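Q: pasting the sequence and the predicted coordinates here, then a few questions.
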Amino acid sequence: MAFLMPQGKQQYFSNAGALLVGGKVYTYAAGTTTPLATYSDAAGTTPNTNPVILDSRGEASIFFGGNSYKLVLKDSADATIWTQDNLTADGAALAASGGSALVGFLQAGTGAVATTVQAKLRQFGISPEDKGAAANGTTDDTAAVQLAIASGYCLLTPGKTYLVGALTVPDNAVIWGYGATLKAKASLNSNIITNSGSTGANLFGFTLDGNYTNQTSGSGIVLSTVTNYHFENLTVQNIYGTGILFSAGSKNTVTNSTVKTCGKLAAGYGIYLFASDDNVVTGNKVSDTCIGIVVEASGVLTAKRNTITGNSSTANRADFTQSGAGFHIECSAGNSVDYTEISGNNGSLNGGPGISLTNGIGNNITGNTFANNSFAGVSSAGCVDMSIIGNTCIGNGASAASGYKCGILSDSCTGLITGNRASGSVEGIKTFSTSSLVITSNDCRGNSSAAVNISPTGTDVTSDNKGFDWFMREPNPPVALYDDFLGITLNAGLWTGTKGSDGGCILPAIVAGQLRGITRFTTGAGAAATYAVNGVQIDSALNWQPSLGAMVFEARVSITSVITNMAIFVGVTDQAGGLGIPIQGTGGGDAVTANRTNACGFLYDTTMTTKNWWLVGNSSTGAGTPQNSGVAPVQSTFETFRIEFPASGSSATFFRNGVLVGASMANALFVSAPVTPVVSAFSRSASLRVIDIDYVKTSSNR
């Protein structure tokens, strides 16, 4: 490609065509008679005289400045030859505001269409600097930034900080600002980015700094009744109130963003979906707020089908009466927060629970990790058909009140709790006043008190939960007796059987052909219906004393016959080899009487008004207050009974089928006296009763 060489000097002629020797070139600002300088060099440093006097060849070097000119050519006698107005050098035209329209552009590749540089650049949006922003972090750039946003595609410059007041995002606007910052000016005291009723806006990459130490109110991004908004890779920080708030919005997305340091001087959340449906919050990091991520509704409003997945909400603070939860799902009477999907999130190190749920229908908490939160990992109340599935809850509840130090807490809820791991707390799973809550296949080993603690007033179903591992809590190796009753005959070196006077009494003996080992005894059927006549008992030696290193008793027992008109005691007592049920009902109401100075166990006695398993204890220093477990035995159904005794004091803690029952009982057993494990029963009618024992365990520290 070649170009026409520019003329080195300008040469002028008279009207007769002769060289205009001594001619004069007058230069004025275009359209005026105001003299305007030209220059003798391309650098524009040496001005010409005005007029410019032509040499002996009628020539001169004349360089325009960056302006438009009017030229008047005269001869040496000042007679005008011609006048030309609105002249501009080629470079000046390009430097002017419309210069890019004079330069062509063609994209590479087949099918490209020719355009101009100006048209191509305008495809990429408008920066606030295009509208006059200083972008220095100290000059108020609100007007310029708002104009850039209003253009529809605002490009924030990487590395720049724009000091702003309140901004509005219109329909379908884009703010693209990777590496740029919008910072709230001091004393803004209102929400920074707002809109109501718009749709389709997209915000990418920039940091929104709320400058909260210089505010007395206001939140970060506050949007009402908006639809199809998309936020990605934002950083929202230092906000006086809430970081991002959608009110009555739908189908909005917040993804891969960071929200931190919100609500430092007043209550404020990280990401807040209020009365909003069908939104997605995914892959975000939220920290140092009063509650991390919130879905909520009030009045008659709803918040349904929101998805909260793959987020990290950690180290949030319990400030300004807020809970400090990592995640919070709540509605009150008359509204609904339903079918929320909370999955694959991390809610740890929070000043409240990992996640709290209050009311709502069908909310699903799946595959999350909640660790080292001050309160429960998962806390639920009043929920209907909730699902808490496959979560990991470790080390939660350290700062909670007594009775609430647990991995998973449920109060008055229905639904399913399954496949979770809950460890490192006082209790793995704790429920209050629940109904039709199914708790199954959870691993609740490694808690200091109970694996699963069910309210006795509920109708919950529990099965296949892992509770205390035999050698997990007890020292390894402990002093231990463990007999699974395998073999042909009962080990006479371990056990003593005693029976009443009725000829129908059958002493404990191993049942032939039992694959898992069972020993069985049968009560008498004497008409006298007393223990001395119909009683049968199995006990061991007085080898066990809690004060020597704490003690655990456990047995798995079934009443294989009918369960009416009988009494059975499963526990420990201070007398070995002598027939006599350690504790039994008095026959008046739910009162009991102790036949041994030192005994503690589970008692079922049909002479008591409430025919359930009772937790009973008697110490030589006082009697324990009997506690109703809330459940009765079921015929031919094995149940596991466990009692834990500390090395000091006289208390006992009771577990049935791996679940804590009742409260810790004072005066349950005198810890400084030896005891033996015992199972004793008798028929209170003229018909026999059959008792099967699967195993007995007793252990203590060495």
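A: Great, that's in hand.
Q: distance of Thr366 relative to Met386?
A: 11 Å (C-beta to C-beta, to the nearest Å). The way it works is simple: take the backbone N, C-alpha and C, and place the C-beta from them, glycine included.
Q: tell me which of those two has more neighbours.
A: More crowded of Thr366 and Met386, by other C-beta atoms under 10 Å: Met386, with 26 against 17.
Q: was I right to think that one contacts Thr414?
A: Yes - with contacts counted by C-beta atoms under 8 Å, Met386 reaches Thr414, the gap being 7.4 Å.
Q: show me where this protein has its helices.
A: 90-95, 117-122, 142-150, 470-473, 531-534 (DSSP state H).
Q: need the residues that contact the longest one.
A: Contacts with helix 142-150, where a contact means C-beta atoms under 8 Å, 6 or more residues apart in numbering, come from 125-133, 154-155, 162-170, 173, 175, 182, 185.
Q: circling back to that earlier point, confidence-wise, which of the helices of the chain is weakest overall?
A: Ranked by mean pLDDT, these bottom out at helix 470-473, with a mean of 38.
Q: where in this protein is pLDDT low?
A: Along the chain, segments meeting pLDDT under 70 span 1-8, 89-102, 105, 112, 115-124, 334, 434-435, 455-460, 468-477, 702.
Q: report the longest strand in it, please.
A: strand 690-700 (DSSP state E).
Q: what's that strand packed up against?
A: Where contact means 3 or more C-beta pairs under 8 Å, 6 or more residues apart in numbering; DSSP states H and E, strand 690-700 is packed against strand 479-483, strand 519-522, strand 551-559, strand 676-683.
Q: quick one: which of those strands is nearest Gly241?
A: Closest to Gly241 of those is strand 551-559 (C-beta to C-beta; 52.6 Å).
Q: partners of the closest one, with directions?
A: strand 639-645 (antiparallel), strand 690-700 (antiparallel) (DSSP bridges).
Q: surely Gly179 touches Thr161?
A: No - using C-beta under 8 Å, Gly179 is not in contact with Thr161, being 10.5 Å away.
Q: let me see the contact set for the residue nearest to Leu155 when sequence neighbours are not counted.
A: Leaving aside its chain neighbours, Leu155 sits nearest to Gly125 (4.3 Å; criterion: C-beta to C-beta, 6 or more residues apart in numbering). With contact set as C-beta under 8 Å, 6+ apart, Gly125 has these partners: 148, 151-155, 174, 176.
Q: which of those residues count as buried?
A: Buried by 16 or more other C-beta atoms under 10 Å: 148, 151, 153-155, 174, 176, out of those.
Q: farthest pair in the residues you listed?
A: Largest separation among the buried ones among the contacts of Gly125 by C-beta to C-beta: Ser151 and Trp176, giving 12.0 Å.
Q: what about the closest residue to Asp130 other than its chain neighbours, distance to Ala43?
A: Nearest non-adjacent residue to Asp130, counting by C-beta to C-beta, 6+ apart: Ala148, 6.7 Å away. Distance, Ala148 to Ala43, by C-beta to C-beta: 36 Å.
Q: and Ile149, by the same measure?
A: 41 Å.
Q: of those two, which one has the most company?
A: Of the pair Ile149 and Ala43, Ile149 is the one with more neighbours under other C-beta under 10 Å, namely 24 against 8.
Q: residues near Gly179, how many?
A: By other C-beta under 10 Å, neighbour count at Gly179 equals 12.
Q: which one is it nearest to, not counting chain neighbours?
A: Here the residue nearest Gly179, using C-beta to C-beta, 6+ apart, is Pro158, at 3.4 Å.
Q: ditto for Thr227
A: Here the residue nearest Thr227, using C-beta to C-beta, 6+ apart, is Thr199, at 4.5 Å.
Q: just confirm Ser348 contacts Gly326, I think it does.
A: Yes - using C-beta under 8 Å, Ser348 makes contact with Gly326 at a distance of 7.1 Å.
Q: would you confirm that Pro508 contacts Leu490?
A: Yes - Pro508 is within contact range of Leu490, at 6.0 Å (criterion: C-beta under 8 Å).
Q: find residues that contact each of the two.
A: Contacts common to Pro508 and Leu490, judged by C-beta under 8 Å, 6+ apart, are 497, 519.
Q: between those two, which one's more packed in?
A: Taking neighbours as other C-beta under 10 Å, Pro508 and Leu490 compare with Pro508 leading, 23 against 19.
Q: distance of the more buried one from Phe521?
A: Using C-beta to C-beta, Pro508 is found at 4 Å from Phe521.
Q: any common contacting residues for the two?
A: Here Pro508 and Phe521 share the contacting residues 497, 536, 538, scored by C-beta under 8 Å, 6+ apart.
Q: identify the bridge partners of Ser379.
A: Assigned bridge partners for Ser379, using DSSP bridges, are Ser356, Leu409.
Q: what number of residues lie near it?
A: Neighbour tally, Ser379, other C-beta under 10 Å: 28.
Q: look up how far Gly354 lies from it.
A: In terms of C-beta to C-beta, Ser379 sits 8 Å off from Gly354.
Q: okay, and the common contacts of the two?
A: Ala325.
Q: where along the stretch 51-200 of the chain do the strands fall?
A: 52-53, 59-60, 69-74, 80-87, 104-105, 115-116, 136-140, 153-155, 161-164, 167-168, 174-176, 181-184, 193-196 (DSSP state E, counting those that start in this stretch).
Q: show me what the last one is packed up against.
A: Secondary-structure packing of strand 193-196 (3+ C-beta pairs under 8 Å, 6+ apart): strand 167-168, strand 221-224.
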